[in-house]
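Student: Give me coordinates for this.
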Amino acid sequence: MATEHFNEETFEQEVIGGNGIALVDFWAEWCGPCRMLGPTIDELADELDGSVLVGKVNIDEQSNIAARFNVMTIPTVILFKDGEEVDRLVGFLPKQRFIDLVEKAKA
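Tutor: Numbers count the residues shown, from 1 in each chain. Here you go, the predicted model:
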């Protein structure tokens, strides 16, 4: 499944208004570590297809969402469960860290 690119409307509907787990990458085009993390996020979207919503928020285009969740450093990946933030990771990290985060939320 392709990685979702959220705007304010789709973020509100699918992440905040959704049920289940959503993994959201806050990133920007100009951010080197964000570009390095991008393929990992895409792989997670494919691997977690159907069990977890995986998406991205471009902080330059959707600054209101980034401000709402106090995203101060990118990349920041926030895990939501039933519309509520439950955890976050900051920086370029190995894929397994994100898998562990999702598994912890499923438990």
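Student: shaky segments in the protein?
Tutor: By pLDDT under 70, the weakly predicted segments of the chain are 1.
Student: top helix in it by residue count?
Tutor: Counting by DSSP state H, the longest helix found in the chain is helix 32-47.
Student: For the most centrally placed residue in the chain, which residues are in contact?
Tutor: Of all residues in the chain, the one closest to the mean position by C-alpha atoms, centre = their mean is Val24, 1.1 Å from it. For Val24, the contact set (C-beta atoms under 8 Å, 6 or more residues apart in numbering) comprises Phe6, Phe11, Val15, Val54, Gly55, Lys56, Val57, Val77, Ile78, Leu79, Phe80. (C-beta placed from N, C-alpha, C; glycine too.)
Student: Mind checking which of those land in helices?
Tutor: Assigned to helices by DSSP H, none of the contacts of Val24 qualify.
Student: Look up which helix or strand Asn64 falls in, please.
Tutor: Counting by DSSP states H and E, the element that carries Asn64 is helix 63-68.
Student: which residues are in contact with that helix?
Tutor: With contacts defined as C-beta under 8 Å, 6+ apart, helix 63-68 is touched by Phe6, Glu8, Phe11, Phe26, Val57, Ile59.
Student: And that helix, what's buried?
Tutor: Using 16 or more other C-beta atoms under 10 Å as the test for burial, helix 63-68 gives Ile65, Ala66.
Student: quick one: the strands in the chain?
Tutor: Taking DSSP state E as the test, the strands found in the chain are 4-5, 21-27, 52-58, 76-81, 84-90.
Student: Tell me the strands beside the fourth one, with direction?
Tutor: Strands flanking strand 76-81 in the sheet, each with its direction: strand 21-27 (antiparallel), strand 84-90 (antiparallel) (DSSP bridges).
Student: now the angle between helix 32-47 and that strand, please.
Tutor: 30 degrees (axes from the mean of the first three to the mean of the last three C-alpha atoms, to 10 degrees).
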